[in-house]
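J.: model the following, please.
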Amino acid sequence: MENNISENNKTSDCSALSLSDQESAERKYDADANEAGLHFKKGIGWKACFDEERGIYTAERSWRGFYQLCEIDKETYDKLDPTGKNGEDPDKLIGGGRVLVEADDDYYTMPYCTVKDDNYNELAPWSRAKERYERTYNDDKGT
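T.: Predicted coordinates:
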């Protein structure tokens, strides 16, 4: 069943941070997450996570307004190569997973954010899915 993210699930907007501050915050989060058993791979337009404690693999991809959060399997995670030298297309690999959240706010479509699994935040608490909701719907209100 598809649902829009409720107003109660909003998070703070990081757009006020400069890029260097945002990158520093991401690096600190990644370091803290690795200590908590979350392992990341990151490439241009995508990021994947292996939650060692729960055995869950998730990944997000985004490009020019499009955003997608998916649950993937170990085989897909293992094929994701941040250097891009293995010849596998990360977009196709991630997009082949089970979609949890999908959003689009590009110039050509009406902004939307669709939740396909209400447990997306439990499966991928590290993701930017809530932030994407904020950006998709608050930009229309001029906030």
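J.: tell me where the chain has helices.
T.: 19-35, 74-79, 90-95, 120-123, 129-138 (DSSP state H).
J.: going by mean pLDDT, which of the ones you listed comes out lowest?
T.: Ranked by mean pLDDT, the helices of the chain bottom out at helix 19-35, which scores a mean of 56.
J.: tally of neighbours for G37?
T.: G37 has 11 neighbours, counted by other C-beta atoms under 10 Å. From N, CA and C alone the C-beta is placed, and that goes for glycine too.
J.: the nearest residue to it once chain neighbours are set aside and E131, how far apart?
T.: Nearest residue to G37, sequence neighbours excluded (C-beta to C-beta, 6 or more residues apart in numbering): E52, at 3.9 Å. Distance, E52 to E131, using C-beta to C-beta, to the nearest Å: 24 Å.
J.: between these two, which is the more surrounded one?
T.: Higher neighbour count among E52 and E131: E131, with 17 against 12, using other C-beta under 10 Å.
J.: and the gap between the more buried one and Y67?
T.: 9 Å.
J.: again with Y120
T.: For Y120, the distance to Y67 - C-beta to C-beta - is 12 Å.
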